[in-house]
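> mind folding the following:
(one chain, ligands or ions: 1)
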Amino acid sequence: MVRGEKIYRYEKVAADLARLIDQGTFRPGDRVPSLRGISRRMQVSISTALEAYRLLEDRQLIEARPQSGYYVRRLSNYGLKEPKPIRPEKSPTTVSVDELVQMVIRDSRNRNLVPLGAAVPNPDNLPVDKLNRLLAAVARRKGVQSISYEMANGCEALRVQIARRLLAAGCSAHPQELVITSGCQEAVALSLMAVCRPGDTVAIESPTYFNHLQTLEVLHLKALEIPSHPASGISFAALETALKKHRIGACLLIPNFSNPLGSLMPDEQKQALAELIVRHDLPLIEDDIYGDLGFAPERPPVVKAFDKKGLVILCSSFSKTLAPGYRIGWIHPGRFQAEIERLKTACTIATATAPQLAVAEFLNNGGYDHHLRKIRRIYMGQIWSMTQAVSKFFPPGTRVTRPAGGFVLWVELPEYVDSLKLYELALQAGITIAPGPIFSIRRGYRNYIRLNAAFWSEKIEKALALLGHLAENLK
Ligand SMILES: Cc1ncc(COP(=O)(O)O)c(C=O)c1O
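Numbers count the residues shown, from 1 in each chain. So this is what the prediction gives:
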């Protein structure tokens with residue numbers, strides 16, 4: 001459910017109960033109130049209570065036991081602790097991850113391998129036919145326009161749709177204040193170019209998405225890794241301290257469902273962060289690519305929603321929700337708009353026109369919210385299934401995150417597991433994974449891996465069993 005959209009009563013009932021389960025009021029194996037009980041307590045009809053319980057069943061939070069009632073599922077990940085945040089380096093460091101990242105990306109593109117490496121969505125869950133039909137129809141209808149250069153800031157119809165959707169993230173933007181980019185990666189790169197000069201230091205979460213590290217590297221920027229918590233993201237206190245101690249040119253963060261942690265920065269912290277950057281006159285590049293993929297009914301706000309000075313540069317794309325290959329992303333650049341448009345022209349002139357028109361059409365009347373509800377439910381279920389498999393097959397001592405959204409899991413293996421060795425062994429067995437060292441500038445996280453939970457099947461489960469076995473054999 002996104003902000004501004006109607007919340008049905010059953011969704012509210014489900015969200016209230018889910019919160020009680022999450023807080024531990026009801027634990028795995030506990031019986032939850034009967035339908036009659038919940039209808040009385042929450043003053044809703046039995047059919048509303050039933051719909052709420054069906055939703056919780058879909059989300060794998062409760063299960064019905066014949067003639068007995070509804071119970072909190074025995075989530076065996078409750079036995080797996082969350083990974084410990086590590087202490088990253090204390091001083092800014094020149095970034096050098098290029099080679100490793102290239103290797104992992106190259107292997108992830110190999111369709112013959114089991115895809116546990118790259119954080120790509122499962123095409124079976126994307127509206128492939130509908131999008132391609134729209135692309136053909138729009139190209140026919142628009143004729144020459146669809147093969148012509150767009151303005152540097154992109155197609156207006158698409159900017160209008162994005163501006164409307166931004167309301168759900170707590171932001172109001174005029175379509176003229178948005179710039180369309182070729183994916184979120186270009187959005188982040190243009191933002192870094194707009195606010196930093198070679199040699200500047202950028203504060204980042206640790207661990208963080210490896211392509212961001214690669215972008216820092218090619219732009220000759222230094223990085224300062226700030227410890228991040230698996231549930232709430234970057235340590236605010238550590239960031240504050242770092243800002244006092246170092247000259248930092250910008251922050252680059254993924255506050256909503258970070259990659260790889262799946263962490264979600266609490267709203268109060270987002271507000272505090274927006275205030276902190278004003279005190280330091282510090283641009284914040286906010287990557288919200290997973291923002292639409294939360295598991296709670298409400299879409300979380302972006303930090304940009306609290307930005308009064310135009311210091312937050314909000315970046316996102318439709319790569320995780322619609323079509324990674326269309327390469328449609330966007331920026332809400334705040335006070336850096338003129339510079340970002342200049343850089344966009346200098347780097348790529350404009351983003352390809354036809355996919356922009358097709359995405360605009362889809363957002364306008366293709367049922368995007370319905371699609372999001374469907375995939376959020378699927379990814380939540382698959383995160384749970386994958387967590388179960390990790391707890392069953394991986395060596396004792398393994399820890400795993402409990403992401404609040406998105407579709408990746410960050411797994412801490414026992415100390416004896418070298419994830420680069422595991423990467424090689426997995427590759428020989430036809431499986432790709434993302435090894436921990438590519439998520440940090442000093443190639444830390446040696447015994448960590450990231451798993452993509454966007455795909456689920458018996459084959460994936462078997463691959464996880466094999467992976468667990470390979471890890472155990474590294475002892
Ligand atoms: C956090 C994050 N930002 C950016 C990107 C790249 O997005 P795009 O494919 O839209 O360029 C990804 C892709 O995995 C990502 O996980």
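
> every contact and neighbour count from this point should use C-alpha atoms.
Fine.

> what separation do you get for the residue positioned nearest the centre of the chain and the ligand?
Centroid-nearest residue in the chain, with C-alpha atoms, centre = their mean: Tyr290, separated by 3.3 Å. Distance, Tyr290 to the ligand, using C-alpha to the nearest ligand atom, to the nearest Å: 7 Å.

> for Ala139, see how far away Glu268 is.
45 Å (C-alpha to C-alpha, to the nearest Å).

> returning to what we had before: helix, strand or coil for the residue nearest to the centre of the chain?
Assigned with DSSP: H, G, I helix; E, B strand; the rest coil, Tyr290 falls in the coil class.

> for stretch 131-140, which outside residues touch it?
Here stretch 131-140 makes contact (C-alpha atoms under 8 Å, 6 or more residues apart in numbering) with Ser146, Ile147, Ala354, Pro355, Leu357, Ala358, Val359, Glu361, Phe362.

> most widely separated two among the residues you listed?
Ile147 and Phe362 (18.9 Å; C-alpha to C-alpha).

> which residues does Gly405 bridge with?
Counting by DSSP bridges, Gly405 is bridged to Gly294.

> unless I'm mixing things up, it is touching Asp288, no?
No: using C-alpha atoms under 8 Å, Gly405 makes no contact with Asp288, being 11.8 Å away.

> what about His174, neighbour count?
Using other C-alpha atoms under 10 Å, His174 has 13 neighbouring residues.

> look up phi and psi at it.
When read as degrees, to the nearest 10, the backbone of His174 gives phi -80, psi 140.

> separation between it and the ligand?
Taking C-alpha to the nearest ligand atom as the measure, His174 falls 22 Å from the ligand.

> next one: Ser182
To the ligand, Ser182 is 7 Å away according to C-alpha to the nearest ligand atom.

> correct me, but that residue touches Gly325?
No: using C-alpha under 8 Å, Ser182 is not in contact with Gly325, being 9.8 Å away.

> going by distance to Lys320, which of the contacts of stretch 131-140 wins?
When these are compared against Lys320 (criterion: C-alpha to C-alpha), the nearest one is Val359, at 13.3 Å.

> rewinding a little: Glu268 and Ala139: which has the busier surroundings?
The neighbour comparison of Glu268 against Ala139 (other C-alpha under 10 Å) goes to Ala139, with 19 against 11.

> quick check: the more buried one is in a helix.
Yes: per three-state DSSP, Ala139 lies within a helix segment.

> compute the number of surrounding residues for Ile331.
28.

> for it, give the beta-bridge partners.
Bridge pairing for Ile331 - DSSP bridges - gives Val179, Cys315.

> can you pull the contacts of it?
Leu178, Val179, Ile180, Thr181, Ala187, Ile313, Leu314, Cys315, Ser316.

> centre of the chain to stretch 236-247, how far?
25 Å (C-alpha atoms, centre = their mean, to the nearest Å).

> and that stretch, which residues are buried?
By 16 or more other C-alpha atoms under 10 Å, the buried positions in stretch 236-247 come out as Phe236, Leu239, Ala242, Leu243.

> any idea of the pLDDT on the last one?
Listed pLDDT for Leu243 reads 95.

> same question for the second one.
Listed pLDDT for Leu239 reads 96.

> is it in contact with Leu224, as I believe?
No: with contact defined as C-alpha under 8 Å, Leu239 does not count as touching Leu224 (9.7 Å).

> and for the two, which residues touch both?
Shared contacts of Leu239 and Leu224, defined by C-alpha under 8 Å, 6+ apart, comprise Ala203.

> hmm, back to that, so which of Ile147 and Phe362 has more stuff around it?
Taking other C-alpha under 10 Å, Ile147 and Phe362 do not tie; Phe362 has more neighbours (20 against 12).

> which stretch of helix or strand covers the more buried one?
Assigned by DSSP states H and E, Phe362 falls within helix 353-365.

> what does Glu217 give?
Counting by DSSP H and E, the element that carries Glu217 is helix 210-218.

> packing partners for that helix?
For helix 210-218, the elements it packs on are helix 98-108, helix 183-195, judged by 3 or more C-alpha pairs under 8 Å, 6 or more residues apart in numbering; DSSP states H and E.

> OK, contacts around the residue of the stretch 1-150 of the chain found nearest the ligand?
Distance from the ligand to each residue of the stretch 1-150 of the chain (C-alpha to the nearest ligand atom) is smallest for Ala119, at 5.2 Å. Ala119 is in contact with Phe407, Val408, Leu451, Asn452, Ala454, counting by C-alpha under 8 Å, 6+ apart.

> following element in sequence after the helix or strand encompassing the third one, please.
Take DSSP H and E as the rule and Leu451 turns out to sit in strand 448-452. Using DSSP H and E, the helix or strand that directly follows strand 448-452 along the chain is helix 458-472.

> rounded mean pLDDT for that next one, please.
96.

> from what I can see the residue nearest to the centre of the chain touches Lys320, true?
Yes: counting by C-alpha under 8 Å, Lys320 is a contact partner of Tyr290 at 7.0 Å.
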